[in-house]
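Trainee: below: sequence and its predicted model.
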Amino acid sequence: TLPSTLFLNTRLVSLDLGGNQLVGTVPSELGLLTSLATLNFIFNQLSGNFPTETRNLVSLKSITLTLNQWTGPLPDLSAAHSLAYYSVDDNHFSGDLPSFDSSSLSFIDISQNRLTGSIPASLLLNVSNTTLFINMRGNQLSGTLPSQLFVSTLTGLDLSYNNLTGSVPKEVMVSTNSLEQLELSHNFFSGSLPVEWHDFTFVALFRLALHYNNLSGSLPRFVMRTPGGSPTLSAAQSVFQNTIHLTLNDNFFSGVIPPLAAFTARTEIDLSNNQLALSLDSFGSGRNITWLNMAQNSLGNLSSGLFGNFSRFNELRSLDLSFCQMSGSLPQFFRAQYLKLNNNYFTGVLPTSFSTIIDTAFLPAFIDLRLNRMATRIGSGNFIGTVVNFKSLASEVILNDFPQDVDECALNTSECAQLCVDGWFPVPGYTCACESGFKLDEQDKRACHVVCGDGILRFPQEACDYEYSRFGCTRQCLPKPGYRCDATGCVAICGDGVV
């Protein structure tokens, strides 16, 4: 436990007790440390209400309470006008949100708590002059999304897994020059997306997550360009593995998919479980779209011209058109190696030329044509080499290179270092994935390596991350001379002779 005498030195400016096995409560004498600038209790087992006397810590610049067992209201630091870093995630805090009045504020993380009530319009009393990231994921917040959150320096906002309602405010456009990620999934947002989105320019956006809401209306074009230039990624996006994620699945979007801007980075799009339709112009050039899920949309009887859209997707590796009520002859225009056309109404005979359009030289293919109404030519057998086995069962066609697939993930027999996904590629039967902050080894597809400079600090695998703690960290994720780094960031070493 923490003795109250620890907090009697009123000249103390930094208190770091992170990564210990501390238990019990924090005494109210903490409020005596009016000169305190840095407070860190990360990775302990401290519990009870956090002292209300923290409102006296007017000099505080950084507070980290992550991964403890605190309850009660959040620490109120509205009087700390130099506060830059506020991280209290993964606790049991409850009640309403406080306000912040600091022009230096750059990071707020209150995710994975038990907070209720609405997000106050006065959350940010003093607009930040620095880039600002806000994470409120995994609480029980309700009400509408206040437009005042979208300041011109906002880089990220994560409000997913709450109970928010209402529409997405048009004031998102205020943040378009800085906004890199907007995550509003698993809420109850409704109505159409702002009309301003349809042809507006998102300069830095690399992740837009709106899935599992009640949104409706037509899709915007999602234009992502540098000002005055051709569609490209900003320098900030290049840190995040050059991948754009658009997840709008499980809503009520309708109408024809518009021609999207040509992406110059790998792009993954999930539009499944909506009410969308295709046209000859849908998706535009399809350039660099590598992963596309259109399952459970009512696409109906598509002509070969419409199917031809997918032939121009030169980088497409995964395409899901299952449960789309498609009929007619099977198209011959696909390049994807993970292809799901199951549970539709395709008829006719599977063409022998089907084998020539599936490129299996790069990765094993997974092709699912089950539960259609097709027949096969007698004796066709394994006509797509050794990768894909072909089998006909009356009116059901199974085309699947994993005919005896088992769930290696559930059986814990995979060789994945971190995450396992069953029934995917590139490993037959399952594929490996990595947690945020790591990337999959490009050679063995099993190991995970930490990503330096992705804005996610994975300590101790990387000593620091120059996006996460840029002032004391090199671009090789090593501490700069005169600094020490830990899970909370980098701080200058006093008395080491390095200025």
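Mentor: All right, it came through fine. Numbering: from 1, shown residues only.
Trainee: who touches the spatially most central residue of the chain in this structure?
Mentor: Nearest residue to the geometric centre of the chain (Cα atoms, centre = their mean): Arg207, 6.3 Å. Neighbouring residues of Arg207 by Cβ atoms under 8 Å, 6 or more residues apart in numbering: 180-183, 240, 244-245. Yep, even glycine has a C-beta here, placed from its N, CA and C like the rest.
Trainee: burial check on Glu435, number of neighbours?
Mentor: 11 (other Cβ atoms under 10 Å).
Trainee: okay, it: pLDDT?
Mentor: Glu435 carries a pLDDT value of 84.
Trainee: now Leu46. Its backbone dihedrals?
Mentor: Dihedral pair for Leu46: phi -70, psi 150, per degrees, to the nearest 10.
Trainee: so it sits right up against Gln21, yeah?
Mentor: No - if you go by Cβ atoms under 8 Å, Leu46 and Gln21 don't touch, sitting 10.2 Å apart.
Trainee: please tell me how far the closest residue to Glu435 other than its chain neighbours sits from Cys464.
Mentor: In space, and not counting its chain neighbours, Glu435 is closest to Gln418: 5.3 Å by Cβ to Cβ, 6 or more residues apart in numbering. Distance of Gln418 to Cys464, given as Cβ to Cβ, to the nearest Å: 21 Å.
Trainee: name the residue in those two with the higher neighbour count.
Mentor: A count of neighbours by other Cβ under 10 Å puts Cys464 above the other of Gln418 and Cys464, at 27 against 13.
Trainee: how far away is the more buried one from Gly489?
Mentor: Separation of Cys464 from Gly489 (Cβ to Cβ) stands at 7 Å.
Trainee: output stretch 157-167 as CSV, restricted to C-alpha atoms.
Mentor: This file holds the C-alpha atoms of stretch 157-167, laid out as CSV (Å, rounded to 0.1, in the frame of the first residue of the first chain):
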residue,chain,number,x,y,z
LEU,A,157,-11.6,10.0,-32.1
ASP,A,158,-12.7,6.5,-30.9
LEU,A,159,-16.3,6.3,-29.5
SER,A,160,-17.0,2.7,-30.5
TYR,A,161,-18.9,0.3,-28.2
ASN,A,162,-21.1,2.9,-26.5
ASN,A,163,-24.8,3.8,-26.7
LEU,A,164,-24.6,7.0,-28.7
THR,A,165,-27.6,8.1,-30.9
GLY,A,166,-28.5,10.8,-33.3
SER,A,167,-26.7,11.6,-36.6
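Trainee: residues in contact with it?
Mentor: For stretch 157-167, the surrounding residues in contact (Cβ under 8 Å, 6+ apart) are 111, 119, 133-145, 149-150, 179, 181-192, 194, 209.
Trainee: drop anything exposed from those residues.
Mentor: The neighbour-count test (16 or more other Cβ atoms under 10 Å) marks 111, 119, 133-139, 141, 145, 149-150, 179, 181-187, 189, 194, 209 as buried among the contacts of stretch 157-167.
Trainee: before we move on, back to that, what's opposite the residue nearest to the centre of the chain in the beta bridge?
Mentor: In this entry, Arg207 is beta-bridged to Gln181, His245, by DSSP bridges.
Trainee: how far away is it from Leu457?
Mentor: Taking Cβ to Cβ, one finds Arg207 at 18 Å from Leu457.
Trainee: Phe41 too?
Mentor: Applying Cβ to Cβ, the value for Phe41 to Leu457 is 17 Å.
Trainee: how about the helices in the stretch 101-250 of the chain?
Mentor: 235-238 (DSSP state H, counting those that start in this stretch).
Trainee: which residue ranges of it form strands?
Mentor: Using DSSP state E, counting those that start in this stretch, the strands assigned to the stretch 101-250 of the chain run over residues 107-109, 114-115, 132-135, 142-143, 154-158, 163-164, 181-183, 190-192, 207-209, 214-217, 243-247.
Trainee: and stretch 278-290, which residues are buried?
Mentor: For stretch 278-290, a neighbour-count test (16+ other Cβ under 10 Å) marks 278, 282-290 as buried.
Trainee: show the average pLDDT along stretch 442-462.
Mentor: For stretch 442-462, mean pLDDT rounds to 86.
Trainee: could you number the chain from 453 rather than 1 from now on?
Mentor: Right, with 453 as the first residue, what we last looked at is stretch 894-914.
Trainee: return the distance of that stretch from the chain's centre.
Mentor: Its chain's average C-alpha position is 16 Å from that of stretch 894-914, according to Cα atoms, centre = their mean, to the nearest Å.
Trainee: run through who's touching it.
Mentor: For stretch 894-914, the surrounding residues in contact (Cβ under 8 Å, 6+ apart) are 691-693, 867-870, 878-879, 883-884, 886-893, 916-921, 927-929, 937-939, 941.
Trainee: show me where the stretch 803-951 of the chain has its helices.
Mentor: For the stretch 803-951 of the chain, applying DSSP H, counting those that start in this stretch gives helices covering 860-863.
Trainee: show me the shaky parts of it.
Mentor: Counting by pLDDT under 70, the stretch 803-951 of the chain shows low-confidence ranges at 803-818, 824-859, 874-881, 922, 951.
Trainee: repeat the analysis, applying 50 as the threshold.
Mentor: Counting by pLDDT under 50, the low-confidence segments of the stretch 803-951 of the chain come to 807-816, 828-857, 876-880.
Trainee: show me where it has its strands.
Mentor: 818-820, 825-827, 841-845, 848-852, 871-874, 882-885, 890-892, 900-902, 935-938, 941-944.
Trainee: contacts only, for Arg764.
Mentor: By Cβ under 8 Å, 6+ apart, Arg764 lies in contact with 737-738.
Trainee: quick one: which of the strands of the stretch 553-702 of the chain is nearest Trp522?
Mentor: Closest approach to Trp522 among the strands of the stretch 553-702 of the chain (Cβ to Cβ): strand 566-567, 10.7 Å.
Trainee: what is the closest one packed up against?
Mentor: strand 544-547 (3 or more Cβ pairs under 8 Å, 6 or more residues apart in numbering; DSSP states H and E).
Trainee: name every strand pairing with the strand it packs on and say which way it goes.
Mentor: For strand 544-547, pairing defined by DSSP bridges yields strand 521-524 (parallel), strand 566-567 (parallel).
Trainee: I'd like these as JSON lines, with distance to Val465 appended.
Mentor: Below are those laid out as JSON lines (distance: least, Cβ to Cβ, whole Å):
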{"stretch": "strand 521-524", "distance to Val465": "23"}
{"stretch": "strand 566-567", "distance to Val465": "30"}
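Trainee: got those strands as JSON lines, with mean pLDDT columns?
Mentor: Below are the strands paired with strand 544-547 laid out as JSON lines (pLDDT from 0 to 100):
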{"stretch": "strand 521-524", "mean pLDDT": "96"}
{"stretch": "strand 566-567", "mean pLDDT": "96"}
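Trainee: can I get the ones you listed in CSV with distance to Ser555 and mean neighbour count?
Mentor: Shown next, in CSV, are the strands paired with strand 544-547 (distance: least, Cβ to Cβ, whole Å; neighbours: other Cβ atoms under 10 Å):
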stretch, distance to Ser555, mean neighbour count
strand 521-524, 27, 17
strand 566-567, 24, 17
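Trainee: so which of these is nearest Val579?
Mentor: That would be strand 566-567 among those, by Cβ to Cβ, at 22.7 Å.
Trainee: hmm, who's touching that closest one?
Mentor: 526, 544-549, 588, 591-593.
Trainee: kindly provide the distance from Ser534 to Cys942.
Mentor: Applying Cβ to Cβ to Ser534 and Cys942 gives a distance of 18 Å.
Trainee: neighbour-wise, which of those two wins?
Mentor: More crowded of Ser534 and Cys942, by other Cβ under 10 Å: Cys942, with 23 against 14.
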